[in-house]
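Trainee: Give the three-dimensional model of this entry:
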Amino acid sequence: MTEQTTHEPFDPVSLEIMWSRLIHVSEECWLTIRRTAFSLIIGETQDFGVELLDATGNSLAHSPRSMPVFNLALPRAAKALLAEFGENELQPGDVLVTNDPWLCAGHLFDVALVTPVFKDGRLVGHTASVAHCSDIGGTRDSLSVREIYEEGLQIPPMKFHRAGVPNDDLIRLIRRNVRTGDMVMGDLQAQISANEVGARRLLAFMDEYGLDDLTELAHVVQNRAEKAMRDAIRAIPDGTYHHTIDFDSVGTPLRFTAHVHVRGDALHVDWDAPPQVERGAINSTMNYTSSHTAYALKCLLTPDIPSNSGCYDPITTSAPDGSVLNCRYPAGVNARTNTGWFVGPALFGALADVLPDRVQAFTGLPVIVGAYGSDEDGTYNDYLFQGGGQGAGAISDGNSGLLFPTSAGNTSIEMFEVRTPMLVDEKRFLPDSGGAGRHRGGLGQAVVVRKLKDDGRPAQVTALGYNVDSAVPGLHGGGSGTLPSVRLVANGEVVEGSAMRGIGELRGPEDRIEARLSGGSGFGDPRERDVASLQRDLDEGYVSEAGLARYGARLDADGRVTRGASGVDDA
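Mentor: Coordinates of the predicted model:
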């Protein structure tokens with residue numbers, strides 16, 4: 001635990017106000033990016049995060065709406081940048097940058113920008129942001145790559161601004177290596193602006209409260225967050241808890257196992273994982289694996305405590321060197337979500353027996369449709385994110401059409417249609433797609449995207465479907481959600497299943513992408529679902545008459561849901 005101070009420097013009321021103010025500052029940074037970003041993936045889907053850091057790079061606060069996996073990855077990136085540029089090399093107006101997947105958030109698209117904050121000539125903290133830029137160069141068929149050199153521009157720790165002056169050499173290099181330079185640079189500028197807003201607000205906050213630095217306040221809020229996490233871990237019986245999860249990557253079944261070791265007030269997760277893959281770019285760096293691990297555990301153990309570095313100090317993570325969860329450079333990593341998104345469900349499964357009221361069943365994973373090309377308005381390059389059904393829990397059904405374990409939103413159809421020459425023909429919930437259980441999994445979606453018109457300019461499309469071959473069972477007897485599917489219909493031919501995970505081409509209005517997203521898995525014995533809930537499911541179209549059989553139910557002579565052979569509810 002961080003060294004405790006010998007006295008409480010802040011009274012409880014003042015501390016609560018100050019801690020809330022820090023979160024509010026980070027939220028203002030988040031809103032700045034949201035409102036000024038150029039791309040849909042940042043401005044609409046919200047694939048970004050912001051942090052306020054102390055002088056050493058430890059997290060003080062982040063926006064509650066930040067992408068969860070960035071809450072650990074961004075401070076780690078900041079520390080790597082600070083290790084490269086010592087305090088004596090920093091000056092007001094500097095902005096540091098990297099997208100190194102082993103130092104940052106796991107693939108090249110996520111670019112971290114860190115702005116040191118000075119007060120009276122002394123370094124007192126940092127504002128930081130990381131966002132998924134719309135393009136980083138390289139191939140668009142990322143699942144065919146064998147090494148990171150094919151995936152795009154690698155930015156080692158560098159200075160994006162030096163004493164307030166943009167690094168024009170680096171900016172020219174980035175522009176030359178991406179497809180839509182104005183969009184990418186606009187997004188990076190949104191991050192810089194957010195960092196600047198955070199720096200100004202942080203200094204104003206310090207002036208208001210008469211703080212010369214943030215050291216004492218940082219210790220207090222980090223210690224309190226750490227104590228809450230240690231208390232929560234201590235409440236779990238000592239022992240080792242295991243769970244194995246199967247999933248498919250690029251047509252190859254994979255399996256890894258979580259071993260959760262609880263000893264007193266510390267928790268260690270040891271991953272048993274297969275070797276990194278040579279083709280398919282689904283490898284996860286240790287930074288990314290650790291971030292997903294800590295996020296899932298934070299959700300389980302201290303969901304009501306504002307997050308900072310103290311929350312994560314009691315949690316450690318390991319995985320075999322050179323494995324799919326701890327890959328070595330220069331492995332392909334662009335599609336690392338296809339692995340990292342299974343980390344949380346494996347942990348929930350491991351702790352399902354000791355924390356049955358907190359865990360969540362598997363959530364149907366998103367489908368991401370990307371469209372790239374040119375039309376009469378110029379070059380376009382944007383993404384349509386759509387979520388599956390959330391897994392059910394001990395006290396509630398899962399939500400439908402939700403992106404988890406990210407905090408990203410479903411991309412606005414209208415915005416996607418404005419920004420690309422595509423038309424979303426269909427978007428609806430899929431009845432019976434949610435896993436059966438005492439609590440039902442959320443529903444997946446059917447989404448159909450086609451080319452708007454035949455203008456002689458083909459659109460290159462990517463449609464990434466995850467886990468199309470492996471159903472993930474629910475928890476405590478719950479059933480799995482339906483399997484997803486993605487298929488491309490072009491030139492009268494159909495490419496579907498795991499084959500439709502690379503790049504395709506749409507030329508006219510008859511060409512389309514058809515995606516069916518999985519529902520979430522169920523929680524508990526389906527026969528324990530109350531009849532009133534089943535009746536509501538039927539009335540709202542969430543469950544069909546045929547689907548009632550999974551719950552041991554049927555319709556009686558009056559068309560009402562019932563159980564029992566004679567129409568008498570015997571549940």
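
Trainee: any low-confidence regions in this protein?
Mentor: 1-7, 249-251, 465-466, 468, 496-502, 565-571 (pLDDT under 70).

Trainee: Select the longest helix from it.
Mentor: Secondary structure of the chain read by DSSP state H shows that its longest helix is helix 181-209.

Trainee: got the buried residues for that helix?
Mentor: For helix 181-209, the neighbour count (16 or more other Cβ atoms under 10 Å) marks 181, 183-188, 190-199, 201-203, 205-206 as buried. Any C-beta I mention is one placed from the backbone N, CA and C, and that applies to glycine too.

Trainee: quick one: it to chain centroid distance?
Mentor: Helix 181-209 sits 22 Å away from the centroid of its parent chain (Cα atoms, centre = their mean, to the nearest Å).

Trainee: can you list the residues that contact the next helix-or-strand element following that helix?
Mentor: Downstream of helix 181-209, the first helix or strand assigned by DSSP states H and E is helix 215-234. With Cβ atoms under 8 Å, 6 or more residues apart in numbering as the contact definition, helix 215-234 has outside contacts at 1-5, 8-10, 15, 18-19, 22, 54-55, 58, 60-61, 211, 262, 264-267, 298, 301-302, 305-315.

Trainee: out of those, which are inside helices?
Mentor: Using DSSP H, the contacts of helix 215-234 in helices are 15, 18-19, 22, 298, 301, 309-312.

Trainee: How is this structure divided into domains?
Mentor: The chain breaks down by automatic domain parsing into domains covering 12-227, 360-529.

Trainee: looking at those, which is buried most?
Mentor: Mean neighbour count (mean count of other Cβ atoms under 10 Å) peaks for domain 360-529 among the domains of the chain, with a mean of 22.

Trainee: Endpoints of that one, how far apart?
Mentor: 17 Å (Cα to Cα, to the nearest Å).

Trainee: do stretch 328-335 as well
Mentor: By Cα to Cα, one end of stretch 328-335 lies 15 Å from the other end.

Trainee: likewise stretch 54-65?
Mentor: End to end - Cα to Cα - stretch 54-65 spans 20 Å.

Trainee: ok, and what's touching it?
Mentor: Contacts for stretch 54-65 (Cβ under 8 Å, 6+ apart): 19, 22-23, 25-27, 29-30, 46, 49-53, 71, 74-75, 78-79, 82, 87, 123-126, 213-215, 217-218, 221-222, 306-309, 407.

Trainee: Kindly report the same for stretch 407-425.
Mentor: By Cβ under 8 Å, 6+ apart, stretch 407-425 touches 40-41, 44-47, 65-68, 366, 371, 373, 375, 380, 382-387, 401, 403, 427, 447-453, 455, 457, 459, 506, 509, 512.

Trainee: Write the PyMOL selection for whichever of the contacts of helix 215-234 are buried.
Mentor: A single PyMOL command is used to select the members of the contacts of helix 215-234 judged buried by 16+ other Cβ under 10 Å:
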select buried, resi 2+10+15+18+19+22+54+55+58+60+61+211+262+265+267+298+301+302+305+306+307+308+309+310+311+312+313+314+315
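
Trainee: Find out how far the strand or helix carrying Thr244 is from the centre of the chain, if you would.
Mentor: According to DSSP H and E, Thr244 maps onto strand 239-248. Offset of strand 239-248 from its chain centre (Cα atoms, centre = their mean): 20 Å.

Trainee: repeat for stretch 109-117
Mentor: On Cα atoms, centre = their mean, the centre of stretch 109-117 falls 18 Å from that of its chain.

Trainee: can you pull the alpha-carbon coordinates of stretch 503-512 into CSV?
Mentor: Coordinates of each C-alpha in stretch 503-512 appear next as CSV, following Å, rounded to 0.1, in the frame of the first residue of the first chain:
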residue,chain,number,x,y,z
ILE,A,503,-11.9,-7.2,-46.5
GLY,A,504,-14.7,-7.2,-49.2
GLU,A,505,-16.0,-4.9,-51.9
LEU,A,506,-19.5,-3.5,-52.5
ARG,A,507,-20.1,-2.1,-56.0
GLY,A,508,-23.9,-1.5,-56.2
PRO,A,509,-27.2,-1.4,-54.2
GLU,A,510,-27.5,-5.2,-54.5
ASP,A,511,-24.3,-5.8,-52.6
ARG,A,512,-24.5,-5.8,-48.9
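
Trainee: Let me see the ranges of the strands in the stretch 251-400 of the chain.
Mentor: 253-263, 266-272, 315-318, 367-375, 378-386 (DSSP state E, counting those that start in this stretch).

Trainee: Would you format those as a markdown table with distance to Gly564 included?
Mentor: Converted to a markdown table, those look like this (distance: least, Cβ to Cβ, whole Å):
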| stretch | distance to Gly564 |
| --- | --- |
| strand 253-263 | 40 |
| strand 266-272 | 45 |
| strand 315-318 | 48 |
| strand 367-375 | 40 |
| strand 378-386 | 39 |
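
Trainee: Nearest the geometric middle of the chain, what residue?
Mentor: Thr406 (2.7 Å; Cα atoms, centre = their mean).

Trainee: What sits closest to Asp313 if chain neighbours are left out?
Mentor: Distances taken as Cβ to Cβ, 6 or more residues apart in numbering place Glu226 nearest to Asp313, at 5.2 Å, with adjacent residues excluded.

Trainee: any idea how far that neighbour lies from Pro274?
Mentor: 34 Å (Cβ to Cβ, to the nearest Å).

Trainee: And for Thr420?
Mentor: Counting by Cβ to Cβ, the gap from Thr420 to Pro274 is 37 Å.

Trainee: burial of Lys558, as a residue count?
Mentor: For residue 558 the amino acid is Asp, not Lys. 7 (other Cβ atoms under 10 Å).

Trainee: quick one: it is in a helix?
Mentor: No. Applying DSSP: H, G, I helix; E, B strand; the rest coil, one finds Asp558 to be coil, outside a helix.

Trainee: Tell me who's in contact with it.
Mentor: No contacts exist for Asp558 under Cβ under 8 Å, 6+ apart.
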